[in-house]
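Student: model the following, please.
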Amino acid sequence: MSALFGRVQGEVPPGAYELNRVGPVPLYRQIARILRERIARGELVEDDALPSVPELVKWFGVAKKTAVKALRVLRQEDVAYLARGCGTFVGRWYPGRPLPRTRHPHRMTLYRMIADEVVENIREGSYLPHEALPSEIRMMRTHQVSRSTVRRAVGFLRHLGWVYTVPQIGSFPVDEEAWP
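Tutor: Below you'll find the predicted structure:
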């Protein structure tokens with residue numbers, strides 16, 4: 001659901017926001033203005049999530065680059081801030097301030113979903129301590145993701161303390177006593 005437009009499926013009604021595609025104002029600036037107006041009216045408040053790039057592309061019928069530029073303008077104006085892996089949010093983020101939770105807690109990044117699945121398999125005993133996890137290629141095929149996504153998932157698990165990696169050999173679950 002999009003908080004921005006208040007629709008259950010995150011869709012904008014046809015004709016809800018028409019962009020002037022022939023005028024002198026670039027499309028990305030028009031989108032930024034629309035979002036800024038919603039914030040000014042209080043429809044979006046501090047730490048509310050702004051629409052994602054794919055949502056803006058779909059809703060306004062613009063290129064991905066145009067949507068990215070619209071959100072960048074809002075960040076440059078300190079109207080919004082970027083929380084990497086979470087999205088763009090209303091308000092200014094500064095070091096020491098906790099990042100907001102994502103607008104869609106059920107929508108995790110792919111590497112986090114893979115990591116969560118691996119943790120479940122470790123807990124259930126499908127992946128035994130000191131026995132290699134499936135190879136990168138197998139995980140890529142199983143989850144239909146890129147090698148970098150698999151590597152990010154394993155790196156995240158390593159960071160959390162669920163697995164350790166032996167270079168050129170593989171990654172292995174830690175003993176149950178060492179689980180985080």
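
Student: any low-confidence regions in the chain?
Tutor: The chain contains residues with pLDDT under 70 at 1-17, 84-85, 92-108.

Student: could you chop it up by domain?
Tutor: Per the record, the chain has its domains at 1-100, 110-178, by automatic domain parsing.

Student: for those, give me JSON lines that also has mean neighbour count.
Tutor: Just so you know, the C-beta spots here come from the backbone N, C-alpha and C atoms, and that holds for glycine as well. JSON lines is the format used below for those (neighbours: other C-beta atoms under 10 Å):
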{"stretch": "domain 1-100", "mean neighbour count": "15"}
{"stretch": "domain 110-178", "mean neighbour count": "15"}
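
Student: and the nearest residue to Ser146 once chain neighbours are set aside, what is it in contact with?
Tutor: Nearest residue to Ser146, sequence neighbours excluded (C-beta to C-beta, 6 or more residues apart in numbering): Met140, at 6.9 Å. Shown here is Met140, whose contacts under the criterion C-beta atoms under 8 Å, 6 or more residues apart in numbering are 146-147, 149-150.

Student: quick one: the strands in the chain?
Tutor: For the chain, applying DSSP state E gives strands covering 80-83, 87-90, 163-166, 170-173.

Student: tell me which residues are up against the third one.
Tutor: Outside of strand 163-166, the residues that reach it under the criterion C-beta under 8 Å, 6+ apart are 118, 133, 154, 157-158, 171-174.

Student: can you do 10 Å?
Tutor: Applying C-beta atoms under 10 Å, 6 or more residues apart in numbering, the external contacts of strand 163-166 come out as 115, 118-119, 122, 127, 129-130, 132-133, 153-158, 170-174, 178.

Student: how far does it sit from its chain's centre?
Tutor: For strand 163-166, the gap between its own C-alpha mean and the chain's C-alpha mean amounts to 26 Å (C-alpha atoms, centre = their mean, to the nearest Å).

Student: looks like Met139 contacts Leu157 (just checking).
Tutor: No. Met139 sits out of contact with Leu157 when judged by C-beta atoms under 10 Å, with a separation of 11.5 Å.
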